[in-house]
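Asker: Need coordinates for the below:
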Amino acid sequence: MNKELMEALDILEREKEISKETLFEAIENSLITACKNHFGKADNVKVEIDRDTCDFYCYAEKEVVEEVEDKVLQISLPEAQEISADAKIGDLIRVEIKSKEFGRIATQNAKSVILQKIREEERSVIYNQYFEKEKDVVTGIVQRYVGRNISINLGKADAILNENEQVRGENFRPTERIKVYILEVKNTPKGPRILVSRTHPELVKRLFESEVTEIKDGTVEIMSIAREAGSRTKIAVRSNNPNVDAVGACVGINGARVNSIVDELRGEKIDIVNWDENPGNLIQNALSPAKIVAVFADPDEKTAKVVVPDYQLSLAIGKEGQNARLAARLTGYKIDIKSETQAKDAPGFRYEDYLYDDEEEYAEESYEGEEYTEEYEEGYAEENYEDAGEYAEDEAPAEE
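Answerer: A predicted model of the protein is given here:
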């Protein structure tokens, strides 16, 4: 039994995750290559390796002839009968090849064949391992900046975080651990090339799936997501269990669940709203925290007209139009937002076309509070996430 070879194969299988069968095939091919280099040809050379003991037997099949013209392929009858007494003209005889007789060059070539096969299999194993994680989130360690790109170690391979996949304003220190979304895994001659992202909307989705048990087991479902990386994300969720509040499950006790995700995203704000099959209700939820007076949605044209109280117009639109823009992406509707005054002054405007039946009373109420200011908007954005569950519940469910 070849104990040294067996131990070496066990180590390679354990550390490199390369199967023994692949290594056995590499050894067989290397011995055949050595025979070819030693004899000039190896068409009739065979190698057999005992998988249990690692003992190998290398031989050449030669034809028994009366007069030998090619010593590599043929053998004389007297020589054949020394190996097998029953040999006769025309038979094929197995002639053992002593691998120790190979020259230095042949041995070196055999070694190169084995090492090359090990490297190829190692790259293949790593590629398959990370290809299975494509479109998923992994934790990596920041190594160094390569120009404006960042090299991130994922364990057995390095990934590249390109400049256009980085969140503006995020700075990382070497050895810092971060979560990244694997965009693509390419197989190249130098090994797998892994591209990752910190800006992809799916990063937020995967973080919620890992953090929220109800999403992982399918009780709560993420229906849509819209993100402006580094600033704000809106996600629409629904519950498949009437006893489970979808928004509350995502927020967690005292905001524990959503806050852990916010921390990972370096303070990015997250709005969680209820999904609704009714486009009017969905748009109303998506525009939260703004109060909505009325919504008129056209499912065919994928457009919607929204009326908000005068003092809520800035909040509905958001800073630089962000709230309205994210709501449009979340719902898939082109949203036109007007204040009550603007809507009433618009030509052909009919107020009753916009109102929900259960909001007529609200629409007739006069606003007597303080005027809306940017300071109010900033203060709202800093509120604790434990209030997030109330965003979509401030208004009664709307009907088209």
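
Asker: Return the set of buried residues in the helix ranked longest in the chain.
Answerer: Longest among the helix segments of the chain by residue count, using DSSP state H, is helix 104-131. Buried positions in helix 104-131, judged by neighbour count with 16 or more other Cβ atoms under 10 Å: 106-107, 109-110, 113-114, 117-118, 121-123, 125-127, 129-130. Any C-beta I mention is one placed from the backbone N, CA and C, and that applies to glycine too.

Asker: Please apply the same query to stretch 246-256.
Answerer: Neighbour-count burial for stretch 246-256 [16+ other Cβ under 10 Å]: 246-252, 255.

Asker: Pretty sure Glu66 sits against Ser76.
Answerer: Yes: if you go by Cβ atoms under 8 Å, Glu66 and Ser76 touch, sitting 7.4 Å apart.

Asker: which one of the two has more residues nearby?
Answerer: Taking neighbours as other Cβ atoms under 10 Å, Glu66 and Ser76 compare with Ser76 leading, 15 against 8.

Asker: got a list of what the more buried one touches?
Answerer: Contacts were defined as Cβ atoms under 8 Å, 6 or more residues apart in numbering; by that measure Ser76 touches 64-68.

Asker: please redo it, this time with the cut-off set to 6 Å
Answerer: Counting by Cβ atoms under 6 Å, 6 or more residues apart in numbering, Ser76 makes contact with Val68.

Asker: that older thread, of the buried residues of stretch 246-256, closest to Thr341?
Answerer: Set against Thr341, the nearest of these by Cβ to Cβ is Val247 (32.0 Å).

Asker: in what helix or strand does the closest one lie?
Answerer: In this assignment (DSSP states H and E), Val247 forms part of helix 246-251.

Asker: what does Arg325 give?
Answerer: Using DSSP H and E, Arg325 sits in helix 322-331.

Asker: can you check Asn259 too?
Answerer: Residue-wise, Asn259 maps onto helix 256-264 under DSSP H and E.

Asker: Can you give the contact residues for that helix?
Answerer: Residues outside helix 256-264 that contact it (Cβ under 6 Å, 6+ apart): 179, 207, 211-212, 251, 270, 385.

Asker: Can you give me the buried ones in it?
Answerer: For helix 256-264, a neighbour-count test (16+ other Cβ under 10 Å) marks 257-259, 261-262, 264 as buried.

Asker: Neighbouring strands of the following helix or strand past that helix in the sheet, and parallel or not?
Answerer: Following helix 256-264 in sequence order, the next helix or strand is strand 269-274 (DSSP H and E). Applying DSSP bridges to the sheet, strand 269-274 is found paired with strand 232-239 (parallel).

Asker: so how far is the strand it pairs with from its chain's centroid?
Answerer: With Cα atoms, centre = their mean, to the nearest Å as the basis, strand 232-239 stands 20 Å off its chain's centre.

Asker: before we move on, the earlier item: what would the buried residues of helix 256-264 look like in a markdown table with pLDDT?
Answerer: Shown next, in a markdown table, are the buried residues of helix 256-264 (pLDDT from 0 to 100):
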| residue | pLDDT |
| --- | --- |
| Arg257 | 93 |
| Val258 | 94 |
| Asn259 | 94 |
| Ile261 | 94 |
| Val262 | 94 |
| Glu264 | 92 |
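
Asker: Closest one of those residues to Pro174?
Answerer: The nearest member of the buried residues of helix 256-264 to Pro174, counting by Cβ to Cβ, is Glu264 at 18.9 Å.

Asker: which non-adjacent residue is nearest Asp10?
Answerer: Counting by Cβ to Cβ, 6 or more residues apart in numbering, Lys20 is the residue found nearest to Asp10 once chain neighbours are left out, at 8.0 Å.

Asker: Surely that neighbour and Leu9 touch.
Answerer: Yes: contact criterion Cβ atoms under 6 Å: Lys20 and Leu9 qualify, at 5.2 Å.

Asker: Who has more neighbours out of these two?
Answerer: With neighbours defined as other Cβ under 10 Å, Lys20 and Leu9 compare such that Leu9 has more, 20 against 14.

Asker: For Glu21, see how far away that one is.
Answerer: Distance, Leu9 to Glu21, by Cβ to Cβ, to the nearest Å: 10 Å.

Asker: and what of Cys35?
Answerer: Look at Cys35 and Glu21: by Cβ to Cβ, they are 22 Å apart.

Asker: Mind checking which of those two has more residues around it?
Answerer: Neighbour count, other Cβ under 10 Å: between Cys35 and Glu21, Cys35 has more, with 26 against 10.

Asker: Wasn't the more buried one part of a strand?
Answerer: No: read with DSSP: H, G, I helix; E, B strand; the rest coil, Cys35 is helix and lies in no strand.
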